[in-house]
Each structure stands twice: as structure tokens, then as C-alpha cells.
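J.: make a model of this:
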Amino acid sequence: MRWLDHREDVTEALRGAIIALGNFDGFHRGHQAVAGEAIRWAHEEGRPSIIATFDPHPVRFFKPDVPPFRLTTLEQRQELYLEAGATAMLVFHFDAELSGTSAEDFITEILIKRFGAHGVVTGGDFSFGKKALGNVELLQGFGGGHGLKSRVVEAVEEEGVISSSRIRDALRNGDPQLAASLLTRPFAIRGIVEHGDKNGRKLGYPTANLAIDTYLRPKYGVYAVTGTILSTGETLKGAANIGIRPQFEPPKELLEPYFFDFSGDLYGQEIEVAFHHFLRGEAKFDSLDDLMVQMEKDCAEARRLLSALPQ
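T.: Residues are numbered from 1 along each chain as shown. You can find the predicted model right below:
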């Protein structure tokens, strides 16, 4: 799949594309509806389809000190967009230059001249351009007057509008099942397995330590998880703690999955950990023996819950 930079011209083969415009961080059911319309439209007219995203997120640019909130990395988004059937992913690198581009210039200079877009598809609340003054009405009126076609896809609802904010709230509240329903897949953190303090190994539960980086922090605690080794595609079941490990000093924020019935070496491997069920919050126990008793209970419950997953 092509990975396009908004600052560069595209090849002739990608000009005339239909572009799904949005941030599409979580690529939830609402985002999928917008992208799906763009892909169908492109197929109907024999055109390429491109799904856009912004990196960094505009919120991060304007408010650099906000806590991490990303639901996916660019690499994860690229895979999701490819699976959806898009020809390419377009990354808008959000910086001072892009933030200062007027909505009209965004349409004429970037979408039309630089990319040769035939049409765009957005959600009804999409905004763009300097001070976010661009909207669907401007795309339809001003953009249409310059030959750019546009379509709008209304919000998708499931007991309320599906949004990235709602998914983030679900994860922060320890409800990964609601998040998965809205995303159409479990929330997953991807990273390289690092060497740690080996506390889990000493307790008989060797864990794979992952930095959480720019991902949203779900509610700290213990989860039933699955892990995928990206180099091999092997999927493992396990239990994971995410948080600051209050039992040990000094506090250190980590994701620490323990995979059942696995004895291989994961150091240096890239893995993706998917969150299926919240088991309990983080806690500090009176002794390591008490912690080990609880860990055994956590693993038994995780095995039970994950047994319902396809083999």
C-alpha cells in the first residue's frame, strides 16, 4: 500500500482519486462508513481510493501537553486502511504551515492541484483549514465551484453517536468490550519487547515488557489479552498488567503481558497486545506471596474468558 505525504506531489496513476478526509485515528465504525463510501465511489468510477489521516493529531499540535490519547499508530492505520480496500494512505503532517493554510487554499492548492483529487468524502462534522473554518458546506460550494466533487456520510450510531472520544472514555473506564464493539476489533497496543527488571520471571510469570508510548492509557489494571508476534503471525493468549506496578519500586509505567503456555524468547520482537476483558484494578499487596496468589486467580479467569475466542 502506498504511503503518501501531503507535502509531495503524487504519481500520475494516483491523480483523480477519491479521498476519504478525516483523522481516522481509531478507524471505528463511523470512520469505516466514510472510508467505505469513498472506496465504493472510486470502484464505481474506476479510480484510486485514498484514506487520509493527520500526524501529529491537530490536538497534539495545538495542545502539546495533553496526555497521550492515540488509539492507533500510523502503521496500524495503514494496515486497517489496506484491509478496508484503499489504494493508498495519505498522511497530512500537521505543522505550523498546514495549520496556517486557509480552507480555500487547502481545497485548491492541496486537494486539487497537488493531488488532482476528483472527489472527497467526509463526515458531517469534518472541519479543516486555518482556525478550522472549512466545513462540508465549503467543500460543496467553493470546492464544487472548482470542480471538486464531495459526499457527506452521516454519523453512525449505536446507543449514541460512535466517536473516538466515546471509545477513549470506554477504555479509561475499564470497558474494553464496549470499545471493541465500536471499533469492530479490540483496542491494541503495539511495541518492541524490552528487557525489564525480570520481577515477573522471579515470580514464575515471565512477562514481555512494552513501552506504552503515545497510546491512550486505558484504565490501569489487569486484563485478559491476546498477543500477536508480528514477524510470525502467531497469536498467544494471556493476562497483562498495564500501569505503574505499585508492588515494585520505583514506579514505572509499562504494559506487561504474560502469555500462557509460551516459553520462547520475545526480546527485540514487535508484538501487538489486544485488550479483551478488564479483570481488576492495580493494587499493592501485603506480600509477594499474596500477589502470586492473585496472579494465579487472574490467569485462571483470563483463560476462562479467552476460551470463548476462536482457536
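J.: could you look up the SS state of Val293?
T.: What DSSP: H, G, I helix; E, B strand; the rest coil gives for Val293 is helix.
J.: quick one: it from Gly238, how far?
T.: According to C-beta to C-beta, to the nearest Å, Val293 stands 18 Å off from Gly238. C-beta: built from backbone N, CA, C; applies to glycine.
J.: element containing Asp290?
T.: Assigned by DSSP states H and E, Asp290 belongs to helix 288-306.
J.: any weak-confidence spans in the stretch 51-200 of the chain?
T.: Within the stretch 51-200 of the chain, the stretches with pLDDT under 70 are 196-200.
J.: for Leu279, grab phi and psi.
T.: When read as degrees, to the nearest 10, the backbone of Leu279 gives phi -100, psi -50.
J.: please say which of Val293 and Gly238 ends up with more neighbours.
T.: Gly238 (23 against 12; other C-beta atoms under 10 Å).
J.: am I right that the more buried one falls within a strand?
T.: Yes - according to three-state DSSP, Gly238 belongs to a strand.
J.: so who does it touch?
T.: Neighbour list for Gly238: 224-227, 257-260, 262, 299, 302 [criterion: C-beta atoms under 8 Å, 6 or more residues apart in numbering].
J.: what sits closest to it if chain neighbours are left out?
T.: For Gly238, ignoring the flanking residues on the chain, the nearest one in space by C-beta to C-beta, 6 or more residues apart in numbering is Phe259 at 3.9 Å.
J.: count the residues that sit near the one you found.
T.: 25.
J.: any figure for the gap between it and Val225?
T.: In terms of C-beta to C-beta, Phe259 sits 9 Å off from Val225.
J.: touching, the residue nearest to Gly238 and Glu234? I think so.
T.: No - look at Phe259 against Glu234 with C-beta atoms under 8 Å: they stay out of range, at 9.9 Å.
J.: show me where the chain has helices.
T.: 29-45, 58-62, 74-84, 96-99, 103-105, 136-138, 144-145, 164-172, 176-183, 199-202, 288-306 (DSSP state H).
J.: ok, and what's touching stretch 43-62?
T.: With contacts defined as C-beta under 8 Å, 6+ apart, stretch 43-62 is touched by 4, 13-14, 16-25, 35, 38-39, 41-42, 66, 69-70, 74, 77, 81, 84-95, 99, 115, 118.
J.: the same query, at a cut-off of 7 Å, please.
T.: Around stretch 43-62, the neighbours that count as contacts under C-beta atoms under 7 Å, 6 or more residues apart in numbering are 4, 14, 16-25, 35, 38-39, 42, 66, 70, 74, 77, 81, 86-94, 99, 118.
J.: in the sheet, who's paired with Arg151?
T.: On the basis of DSSP bridges, Arg151 is bridged to Val121.
J.: center of the chain - which residue?
T.: The centroid of the chain falls nearest to Thr72 when counting by C-alpha atoms, centre = their mean (2.0 Å).
J.: ok, His277 - contacts?
T.: Taking C-beta under 7 Å, 6+ apart, one finds 176-177, 223-224, 305 in contact with His277.
J.: what does Thr72 give?
T.: 25-27.
J.: and the pLDDT at the nearest residue in space to Tyr205 that is not next to it in sequence?
T.: Residue nearest to Tyr205 in three dimensions, not counting chain neighbours: Tyr258, with 4.6 Å by C-beta to C-beta, 6+ apart. Tyr258 is assigned 94 on the pLDDT scale.
J.: and the spatially closest residue to Phe285 that is not a sequence neighbour, how many residues sit next to it?
T.: Of all residues not flanking Phe285 in the chain, Leu291 sits nearest, at 4.3 Å (C-beta to C-beta, 6+ apart). The local packing of Leu291 (other C-beta under 10 Å) involves 18 other residues.
J.: what's the local residue count around Pro67?
T.: With other C-beta under 10 Å as criterion, Pro67 counts 6.
J.: got it, and Gly16?
T.: Around Gly16 there are 17 residues (other C-beta under 10 Å).
J.: can you tell me which residues contact the closest residue to it other than its chain neighbours?
T.: Nearest non-adjacent residue to Gly16, counting by C-beta to C-beta, 6+ apart: His118, 4.7 Å away. Each residue near His118 by C-beta under 7 Å, 6+ apart is listed here: 16-18, 47, 149.
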